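J.: missing the sequence, but the structure's below:
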């Protein structure tokens, strides 16, 4: 039995998302295994980002359940929670397809913002912070240490005091992952983290994600179009097409699935062999 069947960190059951008459996600079910890197792939418009938006609280699904199973034994129905609670209580963090950093803030400040919730608690919702009480000063030091740790792990520590907007594109991608990790997630959702990266940067991204999974035990769910990234690091791959799951298994099994090949080539299943021969696949 696979880890995603026996020990899921995230369980998606019969998820359906309608926008008026448009069915973006249709009765989707799959698991994300604890400690796994799971890739959600499919052609453009397949519904991948809609799934992310349902998991992270940006959308409330029309039907279905999204269950986060914390390591402490707590279970959260994410479809019933506000997005800020999903991050703070259920410990789910995400990055976006379009980078959303605070460009005018420094790298360090961006990572401090990600730790807003624990800092507010330590400040007693402002009083301890205003008067500089010991509990707040300790929490602030820990937050700075965590921020510096992730800046080092993403090779950005030398630019800690530079504005985030001044970073090259690949560095901004890594900073966004560092910011997400500062919230202490048990599930990290990455929306096309390799988009726009060159091969060297993609290799560095792969190493970073493997480190996050191995050293911090963080489960990763990612949307990705770069199949070299998907095939190299994914334990589990789920394939969507027009909002429906068409394949679910290991990277090796999914790669050779005729339904997956057909979806990416844009042809009916029965024409796959002919088209593959024609284009030399």
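T.: Perfect, thanks for sending it. All values reported here derive from a predicted model rather than from experimental measurement.

J.: if residue 238 is in a bridge, with which residues?
T.: Here residue 238 sits in beta bridges with residue 40, residue 248, as judged by DSSP bridges.

J.: burial count for it?
T.: Neighbour count of residue 238, defined by other CB atoms under 10 Å: 26. Just so you know, the C-beta spots here come from the backbone N, C-alpha and C atoms, and that holds for glycine as well.

J.: thought it was touching residue 31?
T.: No: Residue 238 is not in contact with residue 31 according to CB atoms under 8 Å; the separation is 9.1 Å.

J.: wait, isn't residue 94 in contact with residue 193?
T.: No: counting by CB under 8 Å, residue 94 stays clear of residue 193, with 10.6 Å between them.

J.: so how far is residue 210 from the residue sitting nearest the centre point of the chain?
T.: Central residue of the chain (CA atoms, centre = their mean): residue 189, 1.2 Å from the mean position. Here the criterion is CB to CB, to the nearest Å. By it, residue 189 lies 17 Å from residue 210.

J.: so residue 240 makes contact with residue 246?
T.: Yes: with contact defined as CB under 8 Å, residue 240 reaches residue 246; the gap is 7.0 Å.

J.: quick one: which of these two has more around it?
T.: A count of neighbours by other CB under 10 Å puts residue 240 above the other of residue 240 and residue 246, at 26 against 19.

J.: surely the more buried one is in a strand?
T.: Yes: counting by DSSP: H, G, I helix; E, B strand; the rest coil, one finds residue 240 located in a strand.

J.: report the contact partners of it.
T.: 28, 40, 41, 42, 46, 47, 48, 51, 246 (CB atoms under 8 Å, 6 or more residues apart in numbering).

J.: a markdown table for the residues you listed, including pLDDT and secondary structure?
T.: Below are the contacts of residue 240 laid out as a markdown table (pLDDT from 0 to 100; DSSP: H, G, I helix; E, B strand; the rest coil):
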| residue | pLDDT | secondary structure |
| --- | --- | --- |
| 28 | 97 | strand |
| 40 | 96 | strand |
| 41 | 94 | strand |
| 42 | 92 | coil |
| 46 | 92 | coil |
| 47 | 94 | coil |
| 48 | 95 | helix |
| 51 | 97 | helix |
| 246 | 95 | strand |
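
J.: among the residues you listed, which one lies nearest to residue 81?
T.: Proximity of these to residue 81 (CB to CB) peaks at residue 51, which lies at 16.3 Å.

J.: surely the closest one touches residue 16?
T.: No: when contacts are counted by CB under 8 Å, residue 51 is not listed as touching residue 16 (11.1 Å).

J.: re the thing from before, same list (the contacts of residue 240) but as CSV, adding distance to residue 222.
T.: Shown next, in CSV, are these (distance: CB to CB, whole Å):
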residue, distance to residue 222
28, 17
40, 7
41, 9
42, 13
46, 14
47, 15
48, 10
51, 12
246, 18
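
J.: tell me which of those residues is nearest to residue 232?
T.: Taking CB to CB as the measure, residue 232 lies nearest residue 41 of the contacts of residue 240, at 13.4 Å.

J.: neighbours of the closest one, how many?
T.: Using other CB under 10 Å, residue 41 has 25 other residues around it.

J.: please apply the same query to residue 45.
T.: Residues lying near residue 45 (other CB under 10 Å) number 13.

J.: what pLDDT does the nearest residue to residue 6 once chain neighbours are set aside get?
T.: Leaving aside its sequence neighbours, residue 6 sits nearest to residue 33 (CB to CB, 6 or more residues apart in numbering; 8.0 Å). pLDDT recorded at residue 33 is 97.

J.: got the contact list for residue 33?
T.: By CB under 8 Å, 6+ apart, the contact set of residue 33 is 2, 3, 4, 5, 6, 7, 8, 9, 219, 235, 236.

J.: let me see the ranges of the helices in the stretch 151-281 of the chain.
T.: For the stretch 151-281 of the chain, applying DSSP state H, counting those that start in this stretch gives helices covering 169-181, 199-216, 227-233, 251-255, 258-265, 272-279.

J.: pick the most buried one from those.
T.: Mean neighbour count (mean count of other CB atoms under 10 Å) peaks for helix 169-181 among those, with a mean of 21.
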